[in-house]
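**Student:** The sequence and its predicted three-dimensional model are supplied below.
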Amino acid sequence: MVQGPVLVFAESFGPDFRKSSLEAITEGRRIAGLLGTGLVVIAIGDGIKNAAADLGTYGVDKVLVADAPDLKTFHPDYYRTVGLEAVRKVNPSIILIPATSSGKDLAPRLAIHLNTVVAAESTKLEIEGEKLIATRPVFAGKAFLRVTMNSIPFVATLRPNAFDAKEAPAKKTSQVEELQFNKPPSRMTVHEYHAHAGKKTDLTEASVIVSGGRGMGGPENYKILEELADTLGGVVGASRASVDAGWRPHSDQVGQTGRTVSPTLYIACGISGAIQHRVGMINSKVIVAINKDPEAPIFGFADYGIVGDVFQIVPALTNDLRKYLGK
Ligand SMILES: Cc1cc2nc3c(=O)[nH]c(=O)nc-3n(C[C@H](O)[C@H](O)[C@H](O)COP(=O)(O)OP(=O)(O)OC[C@H]3O[C@@H](n4cnc5c(N)ncnc54)[C@H](O)[C@@H]3O)c2cc1C
């Protein structure tokens, strides 16, 4: 029986919230509307009080703010403690968490304490009767599971870019309540947090990714991918072959042992389309492959394929797009 509110975790990035958090809040608002229940956000970070107070533009009824220097970056035990305190306060029926690296770590930690389970990396939520049904990809995106849970709260992580982030038609004045954060004992210490230098957008949140593989031939050649990505307002990703070769940092790697991404547009350049790469990018809305081998497996699942040499196709594409976009 769904009675409690929908509780959404809002993860901060500096003084603002991540785009994936705004997506989760927007979806939380839709679900709360369908169920006729409230929408509560737990905002975690350091120096986020102003951003938290502004969440009324997303139709949030209540914001629980946990603002402390120790919460600046993700710490598994600290975030779990805050999460459990929020759950104790509002007794939610549904908990939505963005499926970022931190969210994917946090969700099962909360679930185990709440004696419930997690629908991981959900791409769609529906209400049937009083039950929440989450759709999530399995087998490298070859099939989708529709999952419902008999336990409450229902915990789901939401895949970035699978949901829209939209302000509410009518702004609300959110009730803001500060959560007292008492640092729990922990065997873990976060020593340093390295933001990716020069990267405007996190790979998992990017709506356009231009990825390069072994076919790029060397690190210096990624410049043409950066130019294409800049033109489209996107970021550069990579296959494991190019990461293993030391051409790109591991944080750029897409795939089974790298990041799972779901951009609107994924352009794979000189990437063969091995299953371990496919698993990380198959949920992209549109996949474009550029490969000189017409038999490359990637053409088996790309929406658009260009058979040709990346060194001819990519600069020509960038050139035409610049003209088209007036850049
Ligand atoms: C346990 C495990 C985990 C793995 N995890 C990952 C992972 O997370 N991510 C990942 O990507 N891989 C992963 N792999 C590796 C994966 O199996 C492949 O080896 C890898 O994806 C291949 O990378 P690639 O497509 O860049 O290279 P290749 O398979 O060598 O393909 C290069 C492609 O470039 C094309 N090409 C060459 N020159 C040009 C040119 N001038 N113009 C156009 N096309 C050109 C070729 O035709 C070819 O199709 C994993 C493997 C294992 C065993």
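**Tutor:** Yep, that arrived.

**Student:** now the helices: where do they sit in the stretch 101-250 of the chain?
**Tutor:** Taking DSSP state H, counting those that start in this stretch as the criterion, the stretch 101-250 of the chain carries its helices at 101-114, 222-232, 240-244.

**Student:** To the ligand, which of those lies closest?
**Tutor:** Proximity to the ligand, assessed across those by Cβ to the nearest ligand atom, is greatest for helix 240-244 (3.2 Å). Heads up, the C-betas are built off the backbone N, CA and C, glycines and all.

**Student:** Now the closest one: average pLDDT?
**Tutor:** Average pLDDT, helix 240-244: 98.

**Student:** Could you list every helix and strand in contact with that helix?
**Tutor:** With contacts taken as 3 or more Cβ pairs under 8 Å, 6 or more residues apart in numbering; DSSP states H and E, helix 240-244 sits against no other helix or strand.

**Student:** C-terminal to that helix, what's the next element?
**Tutor:** strand 265-269 (DSSP states H and E).

**Student:** So the helix or strand just after that following strand, near the ligand or not?
**Tutor:** Later in the chain than strand 265-269, the nearest helix or strand by DSSP H and E is helix 275-281. Yes - Helix 275-281 lies within reach of the ligand by Cβ under 6 Å from any ligand atom, at Q276, H277, G280.

**Student:** just to revisit the earlier point, nearest to Y266, of the helices of the stretch 101-250 of the chain?
**Tutor:** helix 222-232 (11.2 Å; Cβ to Cβ).

**Student:** Okay, buried residues for that closest one please.
**Tutor:** Of the residues in helix 222-232, Y222, I224, L225, E226, E227, L228, A229, D230, T231, L232 count as buried by neighbour count, 16 or more other Cβ atoms under 10 Å.

**Student:** What distance do you get for the residue of the stretch 51-200 of the chain at minimum distance from the ligand to D303?
**Tutor:** Residue nearest to the ligand within the stretch 51-200 of the chain (Cβ to the nearest ligand atom): A140, separated by 11.2 Å. Counting by Cβ to Cβ, to the nearest Å, the separation of A140 from D303 is 17 Å.

**Student:** out of these two, which sits in the busier spot?
**Tutor:** The neighbour count for A140 versus D303, taken as other Cβ atoms under 10 Å, is higher for A140 (17 against 12).

**Student:** who's in contact with the more buried one?
**Tutor:** Contacts for A140 (Cβ atoms under 8 Å, 6 or more residues apart in numbering) come out as I275, R278, V279, I282.

**Student:** That'll do, ta.
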